[in-house]
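*Asks:* The following block contains a protein sequence and its predicted model.
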Amino acid sequence: MTQRIEIRPRDGFGDPHADGTLTHIRELGIEGISAVRSARLFFITGEVSTEDATHIAERLLADPVSETFHVGSSPAGGAAVIEVHLQPGVMDPVAGSAESAIRDMGFDIHGVQTGRRYELPGDVSDAQRELIATRLLANPVIEDVFYEAHTPEETEGHEYELKVTDVPIRDLDDDGLMRLSKDGDLFLDLHEMQAIQNHYRQLGREPRDVELEMIAQTWSEHCVHKTFRSDVKVRNAAGEVVEEIPNLIKNTIFRATKELDKSWCLNVFEDNAGVIEFDADTAVCFKVETHNHPSAIEPYGGASTGIGGVIRDPLGTGLGARPIANTDVFCFGEPTMPLDDVPTGSLHPRRVMRGVVSGVRDYGNRMGIPTVNGAVYFDDRYVGNPLVFCGTAAVMPNEMAAKREPNPGDAIVVVGGRTGRDGIHGATFSSGELTHEHETEFSHAVQIGNAITEKKTLDCLLQAREKSLYSCITDCGAGGLSSAVGEMGEHTGATVHLDRVPLKYAGLSYAEIWISEAQERMVLAVPQENVEALLKLFAGEDVEATVIGTYGTDDTTLQLYYGEMQVGELEMAFLHEGLPRPHKDALWDPKASPTSAPPAKDDYSRTLLELLASPNIASKEWIIRQYDHEVQGGSVVKPLLGASADGPSDAAVVKPKLDTNRGVALACGMNPALGDLDPYHSALHAIDEALRNIVCVGGDLERTAVLDNFCWGNCNKPDRMGALVQAAKACYDGATVYGTPFVSGKDSLNNEFQTDDGQRIAIPPTLLVSAISIIPDVNWCVTADAKAAGNVLVLVGVTQGQLGGSHVLKVEGLQSGNDVPPVDPAANRETMKAVQRVLAAGFARACHDLSEGGLAVAAAELAFCGGLGVEIDPSKLPVTADFPDGQTGHACLARLFGESAGRFLLEVEPDKLRDAVETLGDVPSAEVGTVTDSGRVKIGGFIDVSIAEAKAAWQGTFDW
Amino acid sequence: MAKPKALVLRAAGTNCDRETQFALEQAGFQSERIHVFRLMENPATLGEFQFLVVPGGFSYGDDVSAGKILANQMFHRLAEPLNDFLAAGKLILGICNGFQVLIKSGLLPWGYVEPATAARDATLGWNDSGQFVDKWIHLSADSDTCAFLPKGEVIALPIAHGEGKFMTANADVLAKLCASDQLALRYVDADGNRTAAANPNGSVEDVAGICDPTGRVLGLMPHPERFIQTTQHPRWTRGGVARADGQMFFDNAFAYLTRS
């Protein structure tokens, strides 16, 4: 039987979550509800009497001080009721923990399910109730909604009966092949389907379903990056081929790293994360991933499994690294988008944002990894395709940094979570386009995370690593066991017994077990003599570890068994090398269209306040404070700092080892607004910004590596591909000139959304550049807050006249041309090196880079962050030779708000000014003003605002 | 004499154990991080230590409620050794999730584990904001009894919690805690004054930490192990951060145990 337990806040003890829900209901425009009452629901199945249930509720589930409970269902007293229950089979960590705690109390129960109940007294129509349920409280992808008390029946899993399925392919014509690709959700093109067909014709048999699934997963865009590895023909508008690039990534991003050949790069592009040297003993690795498509459908689950997934990457790099910091960068539709403008099949940007932030928060905080750096950008084209970038940096002993391979004979051991039907087809799904139908069609591709399972697994893995119990490790990410074992066993082959994989519930087919993307799993290669010790170690902390097979077959094939039956056999060579070499067509033929001259204005105070309040620039404190950014005790430069510890920070610095002063700086650069104006310079701006941020806190350009994350539209369309080529070329040019190698990267393409009326929304070309740098001594770190009145402000770098893509045009309501300020990496490198020398010598008290909103925003942030004023003369800025004449109109806008790269604002004590200027040498710089105690931001005669006003504008937008 | 030994208890979801161990060793302790399962297998292990620290984190994901499941294990499996530990005059410190564990196991406020009465009188519930919050706050040490911090100190520490609102079942409990000098730490502003704005979570009486009647068990929501080096302070680059306040908790515990 099932016992239902309702737990409610006791009168007088408050219910902040219900209060928050009421606020959100009012945001939907529903005013008739007077209050929200909430209850937590537990359903306990098994031989449990009402007295047992009462005992369990009293001693375990309800807080005796602040909560009351009721066994059974209580009347709603006339209020509208909404109950939200997780669908069967969806990961429910609370139920899992409650179940084991109830067993600890001595009760032999079958299981636990949970739910939430909301009672809405007041005037509410059925339609409003449904709107509240679907828009706010429940996600139909993973949850069921009931409008009355509901107690679920105990469900029994269906036992699986082995049925081996062959998929006829040898006799299909081209149409048949494409139909198979589409109907089977394989996302393969005709050439690829033909290659598979030829292979099986040679073998003289039809493929098994599991073989076809594995090929589709291994060859998916997500896993093999076909677009980036393709041979590209670039044409102009007249159709003439203007450039041919074989293997795009090899000739751009990889080539830069190869040419730079830095000795401190220990493991690049081959493994799950890029690894660089930290000190003589320790290496640090960094990986940034995207989890866009799942976050579009289920923001909370998508984002939490995004962070969960990227944490497993360093854990599966070399012999495994211990995470020290997370980063997160998001792109959403504008938070103010009217509800009616949200296309069918998409969620409102606010809801997506709240869900994504909660997902990263709940997973990252539980893992005990500080989330230290990030950014958020808004553009309405992200409405159907929000972007969620999650990064993890981690450390390991130097000698464990190299990529490993299993030895033939090693046991294949899967550790961590159990395998379920979650995430099936995630790899292929994420490689395709979203349509309004995907919300239901691919709901099974959504995974829900369980951070504590991952944390327990991490704890055990690090102990097993110390004891050298395994020879090789990788994560189960996209493609699940298929991908993990397939990659590890590429050169050895492997035999896997799929019936031995621990399952969450019965009924999974062998093919589902093989490709499931259930979370929190890692795969190890364990020498036979260590198997017993390894299994014991994991069992000792209640983490499942199971031997599922052996690496090494005589002919290096992959052999899949279910019981005694062979259910699949694949040649590793075909799997990994059989993919036809991809070709792409690109179009690139830009026409210059400069921004029209803006009208002249006398006063830009209001413009500055609007810029500070604009969503890209506004304070993200609402997000940052929800993240534990200080766990592990390593934080040196925090994401919020300054006189009242709530101002902006350029980059984060953490100490991975508390007993040394060496640090790691993490930063990012991104500018979606420039992406479709000029993808080449947009990419250089992203690199320049990431590096500027590193330099601002005291990082060393000579010991800085970068990561690329491309999120693009459908690259089968030549214009999108043309932009991608431009950005990739900029990555090569930027990396080689700045001297900062790319060490890892990832792409997420096909970020296009088809609405129900057939309209296509492609995201703007979006390149995230993340940078990691080594700080020799954190005691020399510098922050962006003004320190003392009387100090001199020195602007380093040259200001350009171009305004294309700048934020000021948007807040002024002006049209942007494509005249993005061109980036000069060679000159900017000299600027960065000079600033670095000034900081290293201790000649600057503050350093802030000029980015979104230009000089005025940087100066205002520096001022209110330090609780001080600034006075700046914009006519003193070093400008380019072709800079527009005069001090008003275009020239004024460019000086105050232009977004040229390679610029810094330094605060220097008067007695160190000479040293600082001398140290800057030939690099263009000028004394442009002073720090004052006036509490005002004054720039020429154009801006005069109080820091209180400026800060309020900056903080007000996301004061959620 | 031999260095006193500190046990850092860990369980599934504990995540502040390494930096807590670092703080303990910086204070002079010999220390070990031990999984609660090892302690349950061999409860006598506890007797080898003089100081038990239950560090921060999300034990068992804070599923059900913060700290509840680890507390459940403690009173079902470790009640006797814990009561013996305290009877022997030793020290216990619970930080953040550790405080939640101590209060839900009964070790706080009354200094003994008793499953039938545990957690009846006081609890830690959701912050008034309903949200997890990471920020720096100020505390004043208000108890003469507490072994970890002398009365009158005003210090800075970070908090990072969602369920840190201290509540008592009724006014009598609060009066009793007050009378027996157990309200050890209160949220204050930088000048040491109690104000509404200085209280980050809505705790009754601005309580950030309480001790048992002997002063040898302390639980607090803020994280002393996150301020054991001056560069951890958010304003260190502005100058004037001379002392890492959190280290005092560990230094004072060391002094207490080496003195007695």
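*Replies:* Cool, got the structure.
*Asks:* lowest average confidence, helix or strand, in the chain?
*Replies:* Using chain A. Among the secondary structure pieces of chain A, namely its helices and strands, helix A:438-441 has the lowest mean (mean pLDDT, DSSP states H and E), a mean of 45.
*Asks:* wrong one, I was asking about chain B
*Replies:* Within chain B, confidence by mean pLDDT, DSSP H and E is lowest for helix B:68-77 among all helices and strands, at a mean of 86.
*Asks:* That one packs against which elements?
*Replies:* In this structure, helix B:68-77 makes packing contacts with helix A:93-104, helix B:36-41, helix B:97-105, judged by 3 or more CB pairs under 8 Å, 6 or more residues apart in numbering or on different chains; DSSP states H and E. To be clear about C-beta, it is placed using only N, CA and C from the backbone, and glycine gets the same treatment.
*Asks:* For it, C-alpha coordinates in PDB please.
*Replies:* Extracted C-alpha coordinates of helix B:68-77, given in PDB (Å, rounded to 0.1, in the frame of the first residue of the first chain):
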ATOM      1  CA  LYS B  68      18.600  15.700   8.900                       C
ATOM      2  CA  ILE B  69      19.800  12.400   7.400                       C
ATOM      3  CA  LEU B  70      23.300  12.600   8.900                       C
ATOM      4  CA  ALA B  71      21.700  13.600  12.200                       C
ATOM      5  CA  ASN B  72      19.400  10.600  11.800                       C
ATOM      6  CA  GLN B  73      22.500   8.300  11.500                       C
ATOM      7  CA  MET B  74      24.100  10.000  14.500                       C
ATOM      8  CA  PHE B  75      21.300   9.400  16.900                       C
ATOM      9  CA  HIS B  76      20.500   6.000  15.600                       C
ATOM     10  CA  ARG B  77      24.000   4.700  15.500                       C
END
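*Asks:* Going by neighbour count, list what's buried in whichever helix or strand comes after that helix.
*Replies:* Where DSSP states H and E defines the elements, the next helix or strand beyond helix B:68-77 is helix B:79-87. The neighbour-count criterion (16 or more other CB atoms under 10 Å in any protein chain shown) identifies B:79, B:81, B:82, B:83, B:85, B:86 as the buried residues of helix B:79-87.
*Asks:* Only C-alpha atoms, please: export helix B:79-87 in PDB.
*Replies:* Output of helix B:79-87 as PDB, limited to C-alpha atoms (Å, rounded to 0.1, in the frame of the first residue of the first chain):
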ATOM      1  CA  ALA B  79      24.400   8.300  20.300                       C
ATOM      2  CA  GLU B  80      26.400   6.600  23.100                       C
ATOM      3  CA  PRO B  81      29.900   7.300  21.900                       C
ATOM      4  CA  LEU B  82      29.000  11.000  21.300                       C
ATOM      5  CA  ASN B  83      27.500  11.300  24.800                       C
ATOM      6  CA  ASP B  84      30.600   9.700  26.200                       C
ATOM      7  CA  PHE B  85      32.800  12.100  24.100                       C
ATOM      8  CA  LEU B  86      31.200  15.100  25.700                       C
ATOM      9  CA  ALA B  87      31.200  13.700  29.100                       C
END
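*Asks:* That one close to chain A?
*Replies:* No: judged by CB under 8 Å from any CB of the partner chain, helix B:79-87 stays clear of chain A, getting no closer than 13.3 Å.
*Asks:* how big is the angle separating that helix from helix B:68-77?
*Replies:* 90 degrees (axes from the mean of the first three to the mean of the last three CA atoms, to 10 degrees).
*Asks:* quick check: angle from whatever helix or strand comes next after helix B:79-87 to helix B:97-105?
*Replies:* For helix B:79-87, the following helix or strand on the C-terminal side (DSSP H and E) is strand B:91-95. Our comparison of strand B:91-95 with helix B:97-105, counting by the same axes, to 10 degrees, yields an angle of 110 degrees.
*Asks:* List the buried residues of strand B:91-95.
*Replies:* Residues of strand B:91-95 classed as buried by neighbour count (16+ other CB under 10 Å): B:91, B:92, B:93, B:94, B:95.
*Asks:* Excluding chain neighbours, what is closest to the residue in chain B that chain A sits nearest to?
*Replies:* Nearest residue of chain B to chain A: residue B:15, at 2.3 Å (CB to the nearest CB). Taking CB to CB, 6 or more residues apart in numbering or on different chains as the measure, residue B:15 lies nearest to residue A:368, with 2.3 Å between them; neighbours along the chain are not counted.
*Asks:* Just confirm that neighbour contacts residue A:631, I think it does.
*Replies:* Yes: using CB atoms under 8 Å, residue A:368 is in contact with residue A:631, at 5.2 Å.
*Asks:* Need the overlap of contacts for the two.
*Replies:* The overlap between the contact sets of residue A:368 and residue A:631 (CB atoms under 8 Å, 6 or more residues apart in numbering or on different chains) consists of B:15, B:16.
*Asks:* So the two - more neighbours on which side?
*Replies:* Each of residue A:368 and residue A:631 had its neighbours counted (other CB atoms under 10 Å in any protein chain shown), and the higher figure belongs to residue A:631 (29 against 25).
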